[in-house]
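> below is the sequence, then the predicted model.
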Amino acid sequence: MPFAPVNEQMDILRRGVVDLVSEEELSAKLQRSIETDTGLVVKVGFDPSSPDIHLGHTVVIRKMKQFQDLGHEVVFVVGDFTAMIGDPSGKSKTRPQLSAEQIREHARTYQQQAFKILDPAHSRTEFNSTWLDKLGAAGLIQLAAKYTVARMMERDDFRKRYEAQKPIAVHEFLYPLAQAYDSVALRADVEMGGTDQLFNLLVGRDIMREYGLAPQVILTMPLLVGTDGVDKMSKSLGNYIAIEDPPDQMYGKILSLSDDTMWTYWQLCTGRNEQQVQDLQAQVDSGTLHPKAVKQELARTIVSDYYDPNAARAAENEFEQIFASRGLPSEMPEQEFTSEGSVWIVQVIRECGFATSRGEARRLLGQGAVSIDGRRVTDLEATVANDGVARVLKVGKRRFARVIVTKP
């Protein structure tokens, strides 16, 4: 299809962007693409440090889709090599490295989930081990020689850790350099990421110049606040909404957002433009619409995006049944345990899939988020008796399981 005029493309691509380095360069690249009838190479890297893509990731993926719809080539870079280093962005301590097996499994699910938004027929998926493995030790040394420690220490998280006398592992300096080399290998015209990625993206511009290439344009997108309304959405903080959450859980999590926070989700997680969101806000402010009705519409919209309208309606009905009527879900998973004695509640929570670690299960208990048959459980040493009785375990507001412990 023919490319839209530069000014029309710029109007779309500027929307929701925090940093654009630089607007003049992007305009020039768009003009060149029209003249050569060749789409820009738009790169975004994802390190598969966990198996789930959550709504926070989709803020950038939606911008990728805009480039794609305008006729440009989007490259979904799976950072299987860089994940073995671990991105230090925003970290106050050295991040644990992942095994190759973990990375491969996470990468597989990332691709599957990203194509819920991107058109797979017009996307490229690249694994950065393809070119970074080939560099070898000599190549990595040559790459490292193109950047100085002084420049690296300009990075906010490195500087703060250094001043606080917290350790910085040497391999962490390799992360932004390896990410920058991705741009060299792909000859990227544009790279995007969250605002916490700005330093890494700027390093990419510098390294591209070192290899005699035109520097990539940088676009950063806002960081989506999590369901707690305070911190950036993060799986480690438990304030995330995964795009593969079941429809009823996704719907319920969105309904739990504060009235103020929901507007950010309208802006960053839906296809509504700024004017449409402002119109909704005006109707709420004037009393024409109730905030709950707007939040319900938001939940239906997001669930429909990742499933379909029927799933959204079913999730809404389920939510109303559970919370409006104070009932139980019509269906819930069942977990059976066989034990000579009672089973520790922490183990029960983990094996039902409601916590990824003992520490997380203990935090849930401490927060008063766990109940059995309607009675809150806060004792970290509590157990479930092996009497064959079916009990309803509830964790948080929306997660239920029927638990049975029997003797061998």
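That came through fine.
> hey, where'd the helices end up in the stretch 101-250 of the chain?
For the stretch 101-250 of the chain, the helices defined by DSSP state H, counting those that start in this stretch cover 129-144, 149-152, 156-163, 174-186, 198-210, 247-255.
> for V18, find the nearest of those helices.
Judged by Cβ to Cβ, the one of those that comes nearest to V18 is helix 198-210, at 8.6 Å. Bear in mind the C-beta positions are built from the backbone N, C-alpha and C, glycine included.
> name the residues that touch the strand or helix carrying Q296?
Per DSSP states H and E, Q296 falls inside helix 291-306. If you take Cβ atoms under 8 Å, 6 or more residues apart in numbering as the criterion, helix 291-306 is touched by 55, 116, 243-244, 247, 250-251, 254-255, 257, 259, 262, 265-266, 269-270, 272, 280, 283-284, 309, 311-313, 315-316.
> swap the cut-off to 6 Å and go again
When contacts are defined by Cβ atoms under 6 Å, 6 or more residues apart in numbering, helix 291-306 is touched by residues 116, 243, 247, 250-251, 254-255, 259, 262, 266, 269-270, 280, 284, 312, 315.
> quick one: buried ones out of those residues?
Buried positions within the contacts of helix 291-306, assessed by neighbour count (16 or more other Cβ atoms under 10 Å), are 243, 247, 250-251, 254-255, 262, 266, 269-270, 280, 284, 312, 315.
> pick out the most distant pair among those.
The span of those, defined through Cβ to Cβ, is set by I243 and V284 at 26.5 Å.
> ok, back up a step: can you name the two of the contacts of helix 291-306 that sit furthest apart?
Farthest-apart pair in the contacts of helix 291-306 is K116 and V284; separation 29.2 Å (Cβ to Cβ).
> okay if I get the helices of the stretch 101-250 of the chain as CSV plus mean pLDDT and distance to K397?
Formatted as CSV, the helices of the stretch 101-250 of the chain follow (pLDDT from 0 to 100; distance: least, Cβ to Cβ, whole Å):
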stretch, mean pLDDT, distance to K397
helix 129-144, 91, 41
helix 149-152, 82, 44
helix 156-163, 80, 34
helix 174-186, 93, 37
helix 198-210, 93, 36
helix 247-255, 90, 6
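> just put those helices in a markdown table and tack on distance to K235.
Below are the helices of the stretch 101-250 of the chain laid out as a markdown table (distance: least, Cβ to Cβ, whole Å):
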| stretch | distance to K235 |
| --- | --- |
| helix 129-144 | 23 |
| helix 149-152 | 27 |
| helix 156-163 | 19 |
| helix 174-186 | 19 |
| helix 198-210 | 20 |
| helix 247-255 | 13 |
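> phi first, then psi, for the closest residue to V370 other than its chain neighbours.
Leaving aside its sequence neighbours, V370 sits nearest to V377 (Cβ to Cβ, 6 or more residues apart in numbering; 4.8 Å). In terms of degrees, to the nearest 10, the main-chain angles of V377 are phi -120, psi 120.
> surely V377 touches G368?
No: using Cβ atoms under 6 Å, V377 is not in contact with G368; the gap is 8.7 Å.
> and those two? Which one has more around it.
Neighbour count, other Cβ atoms under 10 Å: between V377 and G368, V377 has more, with 21 against 10.
> now the more buried one: how far from L365?
6 Å (Cβ to Cβ, to the nearest Å).
> list phi and psi for D308.
phi -170, psi 170.
> chain center to stretch 13-21: distance?
19 Å (Cα atoms, centre = their mean, to the nearest Å).
> please parse the protein into its domains.
Listed by automatic domain parsing, the domain ranges of the chain are 6-221, 247-324, 334-406.
> among those, which comes closest to G238?
Closest to G238 of those is domain 334-406 (Cβ to Cβ; 7.0 Å).
> ok, back up a step: got the domains of the chain as JSON lines, with distance to M233 columns?
Shown next, in JSON lines, are those (distance: least, Cβ to Cβ, whole Å):
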{"stretch": "domain 6-221", "distance to M233": "4"}
{"stretch": "domain 247-324", "distance to M233": "10"}
{"stretch": "domain 334-406", "distance to M233": "16"}
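> burial count for E331?
Count around E331 with other Cβ under 10 Å applied: 10.
> could you number the chain from 846 rather than 1 from now on?
Okay, using 846 as the starting number, the last item reads as E1176.
> tell me where this protein has strands.
864-866, 886-891, 918-923, 968-972, 1035-1039, 1062-1066, 1179-1183, 1188-1189, 1215-1217, 1220-1221, 1228-1229, 1236-1240, 1244-1251 (DSSP state E).
> once you drop chain neighbours, what's closest to Q1128?
Of all residues not flanking Q1128 in the chain, L1134 sits nearest, at 4.2 Å (Cβ to Cβ, 6+ apart).
> distance check, the one you found against Q1121.
Distance of L1134 to Q1121, given as Cβ to Cβ: 13 Å.
> and E870, what pLDDT?
If you check E870, the pLDDT there is 97.
> ditto for T883
Listed pLDDT for T883 reads 95.
> what's the burial count for it?
With other Cβ under 10 Å as criterion, T883 counts 14.
> CA atoms of the worst-scoring helix or strand of the chain on mean pLDDT as CSV?
Of all helical and strand segments in the chain, the minimum by mean pLDDT, DSSP states H and E falls on helix 945-959, at a mean of 78. C-alpha atoms of helix 945-959 as CSV (Å, rounded to 0.1, in the frame of the first residue of the first chain):
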residue,chain,number,x,y,z
ALA,A,945,19.3,-21.1,28.4
GLU,A,946,16.3,-23.5,28.9
GLN,A,947,14.3,-20.9,30.8
ILE,A,948,15.0,-18.4,28.1
ARG,A,949,13.9,-20.7,25.3
GLU,A,950,10.6,-21.5,27.0
HIS,A,951,9.9,-17.9,27.8
ALA,A,952,10.8,-16.8,24.3
ARG,A,953,8.3,-19.3,22.8
THR,A,954,5.4,-17.9,24.9
TYR,A,955,6.5,-14.3,24.2
GLN,A,956,6.1,-14.8,20.4
GLN,A,957,2.7,-16.4,20.8
GLN,A,958,1.4,-13.6,23.0
ALA,A,959,2.9,-10.7,21.0
